[in-house]
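[1] Please find the sequence and the predicted model below.
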Amino acid sequence: MNPNSERLPLALLGLVAIALVLSGITPFDRATWWMEVAPVMIAAPLLVATHRRFPLTPLLHVLIAAHALVLIVGGAWTYAKVPFGFWLQDVLALDRNPYDRIGHFMQGLVPAMVAREILLRLRVVRGRGWLFYIVTSLCLAISALYELIEWGAAVALGQGADAFLGTQGDPWDTQNDMAMALVGAITGQLLLGRWQDRLIGRLGGLRRPL
């Protein structure tokens, strides 16, 4: 494997690892931190273990790292109290901290690009219409599963789950979260799909146009 191709994944892994350690020193709520960063702790070892057998495109490495940082920041402060969210709330004159919406947008965008790359490279799907439909459906399913996990946490922890839920008094928070994931999934495929195709082609994983 070309040593140059190793530099970006290693740099991103180092950045995420540093952010994870720093976020865990004095998080706003320790239980919430564990729940928010759990996906990072699960995904990172899997990516390291499969990197040589199934190297991802540079685009996907960057997107996954960005999503990890969003989760880590949310875990450190809780989504409703992230300082950047308060700044954005003031700039856009919003009635709530929107960082949670950013997190759910990424929850749609990044899994969409992961699923798209895997389905293309393994030649699971033929035809762009079916690819778009299946990827979008997978992302909605992931979003729904996450909302069920949040519901389970709320039932199990009671008021202790408020920081994890981050509803900020919005009775439609679940629906809004899933809508943002849907927007993220669609946006990623429309804006980044062709770029991803070219990068997959360089890996030898997309030899024929859809």
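    Perfect, thanks for sending it.
[2] L145 is in what secondary structure piece?
    helix 128-157 (DSSP states H and E).
[3] Follow the chain on from the one helix or strand in the chain whose mean pLDDT sits lowest and name the next helix or strand.
    Least confident helix or strand of the chain, by mean pLDDT, DSSP states H and E, is helix 162-165 with a mean of 53. Per DSSP H and E, the first helix or strand lying C-terminal to helix 162-165 is helix 173-202.
[4] which parts of that following helix are buried?
    173-174, 177-182, 184-186, 188-189, 192-193, 196-197, 199-200 (16 or more other CB atoms under 10 Å). Bear in mind the C-beta positions are built from the backbone N, C-alpha and C, glycine included.
[5] so what's the closest residue to L192 other than its chain neighbours up against?
    In this structure, L192 finds its nearest non-sequential neighbour in M113, 6.2 Å apart by CB to CB, 6 or more residues apart in numbering. Residues in contact with M113 (CB atoms under 8 Å, 6 or more residues apart in numbering) are L59, L60, L63, G188, Q189, L192, Q196.
[6] Same question for R202.
    Contacts of R202 (CB under 8 Å, 6+ apart): T57.
[7] Would you mind measuring from it to P58?
    Distance, R202 to P58, using CB to CB, to the nearest Å: 10 Å.
[8] C-alpha coordinates for stretch 18-35, CSV please?
    Provided in CSV are the C-alpha atoms of stretch 18-35 (Å, rounded to 0.1, in the frame of the first residue of the first chain):
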residue,chain,number,x,y,z
ILE,A,18,-6.9,13.6,21.0
ALA,A,19,-10.3,15.2,20.9
LEU,A,20,-11.8,12.1,22.5
VAL,A,21,-9.3,12.1,25.4
LEU,A,22,-9.7,15.8,26.0
SER,A,23,-13.5,15.6,25.9
GLY,A,24,-13.5,12.9,28.5
ILE,A,25,-11.4,14.8,31.1
THR,A,26,-14.3,16.9,32.6
PRO,A,27,-17.4,16.4,30.5
PHE,A,28,-20.6,18.2,31.5
ASP,A,29,-22.3,14.9,32.3
ARG,A,30,-20.3,11.7,32.4
ALA,A,31,-23.1,9.3,31.6
THR,A,32,-24.1,11.4,28.6
TRP,A,33,-20.5,11.5,27.4
TRP,A,34,-20.3,7.7,27.4
MET,A,35,-23.5,7.4,25.4
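[9] what about it, distance to the chain center?
    18 Å (CA atoms, centre = their mean, to the nearest Å).
[10] repeat for stretch 190-209
    On CA atoms, centre = their mean, the centre of stretch 190-209 falls 21 Å from that of its chain.
[11] could you dump that stretch to PDB, C-alpha only?
    Provided in PDB are the C-alpha atoms of stretch 190-209 (Å, rounded to 0.1, in the frame of the first residue of the first chain):
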ATOM      1  CA  LEU A 190     -26.500  14.700  -4.500                       C
ATOM      2  CA  LEU A 191     -23.500  16.900  -3.700                       C
ATOM      3  CA  LEU A 192     -20.800  14.300  -3.100                       C
ATOM      4  CA  GLY A 193     -21.900  11.300  -5.100                       C
ATOM      5  CA  ARG A 194     -20.000  12.000  -8.300                       C
ATOM      6  CA  TRP A 195     -16.800  12.900  -6.400                       C
ATOM      7  CA  GLN A 196     -17.100   9.600  -4.500                       C
ATOM      8  CA  ASP A 197     -17.500   7.700  -7.700                       C
ATOM      9  CA  ARG A 198     -14.300   9.100  -9.100                       C
ATOM     10  CA  LEU A 199     -12.400   8.200  -5.900                       C
ATOM     11  CA  ILE A 200     -13.800   4.700  -5.900                       C
ATOM     12  CA  GLY A 201     -12.700   4.400  -9.500                       C
ATOM     13  CA  ARG A 202      -9.100   5.200  -8.400                       C
ATOM     14  CA  LEU A 203      -9.400   2.300  -6.000                       C
ATOM     15  CA  GLY A 204     -10.500   0.000  -8.800                       C
ATOM     16  CA  GLY A 205     -13.900  -0.500  -7.200                       C
ATOM     17  CA  LEU A 206     -16.200   1.100  -9.900                       C
ATOM     18  CA  ARG A 207     -15.200  -0.200 -13.300                       C
ATOM     19  CA  ARG A 208     -18.500   0.400 -15.000                       C
ATOM     20  CA  PRO A 209     -20.900   3.300 -14.900                       C
END
